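S.K.: Structure here, sequence nowhere to be found:
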């Protein structure tokens, strides 16, 4: 133990070279505070159904995941990224409230030269007439709020697609 | 005249993809339709039809503006999207008869941010984010003003979401008249004035 500590102390000084002793090997664990918890679903007992979007942590974006919001604000030399981010968060909250419990997955927001295209995946919880009304209401209200043409393309699915159980 | 021809070519080709989104669907049926178009015209007898005046086409007597080079720099986060868009733009240019000088991919730029991981204290623990911008540059040669207007309108309307484009045009202008001849040739020759007494 003392030898291992001495070796470690000597190794900390860069100009002194010592041969690596095979006897000193210590278990190095990350303290609980240091783990990143951003956008990760923690492994549980296996009863939590998780979609493809939620199952992958953010370092898989552009590798296994795509983007949920597509605009040019974050490109090199382009402006107004913050405004787009605020608009996106408002639209997502608005949709979450307008279609209570009906959203199968996160909405995909696409901006094409002034128009906003919202792609929704909805569960078949509401009757079609109510769904049509809510879609028209959302489109009209959002286009009046943001002063730009807003189109919603909705697709209904019987169940949210499950990728994993965690 | 040039504008009229271009618009006619655009409107006639039913195989010409109307929008970028339908390009993938139309790609397969592109070649057979071209043959059909060629067949239709070669088999018809000589019709002396008067060209129908298209209300969208405006013909003016002003001389055409000439561009030596039209450079499109396309930026995006996803290289696959940029490759697909480059295929579409090159196809559109070839269809309109525009010579594509060069298609190259400048290296990507990565903008990195290092932020504090925690809301309060823990200065030693940080989080790093990065934003990658990929580029594709398309250079077209020797265009007229109306060709450039048509091509740019088509290509800009079909820009995918999350992709930005910068256009640089290099115009060819005539040398202004006051520089065309050297100054020493234009000065009037000094003549000895006869003094009339």
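M.R.: Nice, I can see it. The shown structure was predicted, so the numbers you read here are calculated from the model rather than taken from an experiment.
S.K.: which bits of chain A sit near chain B?
M.R.: Counting by Cβ under 8 Å from any Cβ of the partner chain, the residues of chain A close to chain B are A:33-34, A:36, A:38, A:62, A:66-67, A:70-72, A:74-78, A:110-113, A:117. C-betas here are computed from N, CA, C, even on glycine.
S.K.: Pull out the buried residues from those.
M.R.: A:67, A:70, A:71, A:72, A:74, A:75, A:110, A:111, A:112, A:117 (16 or more other Cβ atoms under 10 Å in any protein chain shown).
S.K.: Okay, strands next: where are they in the chain?
M.R.: In the absence of a named chain, chain A is used. Secondary structure of chain A by DSSP state E: the strands cover A:49-50, A:69-70, A:108-112, A:115-123, A:150-157, A:164-165.
S.K.: I was thinking of chain B, sorry if that wasn't clear
M.R.: With DSSP E as the criterion, chain B has strands spanning B:66-76, B:99-104, B:109-116, B:126-144, B:163-172.
S.K.: so for the longest one, what's the average pLDDT?
M.R.: I take that to be strand B:126-144. Mean per-residue pLDDT for strand B:126-144: 93.
S.K.: Check which residues of that strand are buried.
M.R.: Neighbour count says strand B:126-144 has B:132, B:133, B:134, B:135, B:136, B:137, B:138, B:139, B:140, B:143, B:144 buried, by 16+ other Cβ under 10 Å.
S.K.: what's across from the second one in the sheet?
M.R.: What that stands for is residue B:133. Beta-bridge pairing of residue B:133 under DSSP bridges involves residue B:109.
S.K.: residues in contact with it?
M.R.: A:75, A:76, B:75, B:76, B:77, B:108, B:109, B:110, B:111 (Cβ atoms under 8 Å, 6 or more residues apart in numbering or on different chains).
S.K.: Next: the fourth one.
M.R.: For residue B:135, the residues meeting the contact criterion (Cβ under 8 Å, 6+ apart) are B:73, B:74, B:75, B:82, B:105, B:106, B:107, B:108, B:109.
S.K.: In CSV, list these along with distance to residue A:141.
M.R.: Putting these into CSV (distance: Cβ to Cβ, whole Å) gives the following:
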residue, distance to residue A:141
B:73, 37
B:74, 34
B:75, 33
B:82, 35
B:105, 42
B:106, 42
B:107, 44
B:108, 39
B:109, 38
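S.K.: can you list the residues you listed in JSON lines and add neighbour count and pLDDT?
M.R.: Converted to JSON lines, the contacts of residue B:135 look like this (neighbours: other Cβ atoms under 10 Å in any protein chain shown; pLDDT from 0 to 100):
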{"residue": "B:73", "neighbour count": "15", "pLDDT": "95"}
{"residue": "B:74", "neighbour count": "23", "pLDDT": "95"}
{"residue": "B:75", "neighbour count": "22", "pLDDT": "95"}
{"residue": "B:82", "neighbour count": "19", "pLDDT": "95"}
{"residue": "B:105", "neighbour count": "14", "pLDDT": "94"}
{"residue": "B:106", "neighbour count": "12", "pLDDT": "95"}
{"residue": "B:107", "neighbour count": "7", "pLDDT": "95"}
{"residue": "B:108", "neighbour count": "13", "pLDDT": "95"}
{"residue": "B:109", "neighbour count": "14", "pLDDT": "95"}
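S.K.: And the longest helix belonging to chain B, what does it pack against?
M.R.: Longest helix in chain B by number of residues, with DSSP state H as the criterion: helix B:79-95. Here helix B:79-95 touches strand B:66-76, strand B:99-104, strand B:126-144, helix B:145-157, strand B:163-172, going by 3 or more Cβ pairs under 8 Å, 6 or more residues apart in numbering or on different chains; DSSP states H and E.
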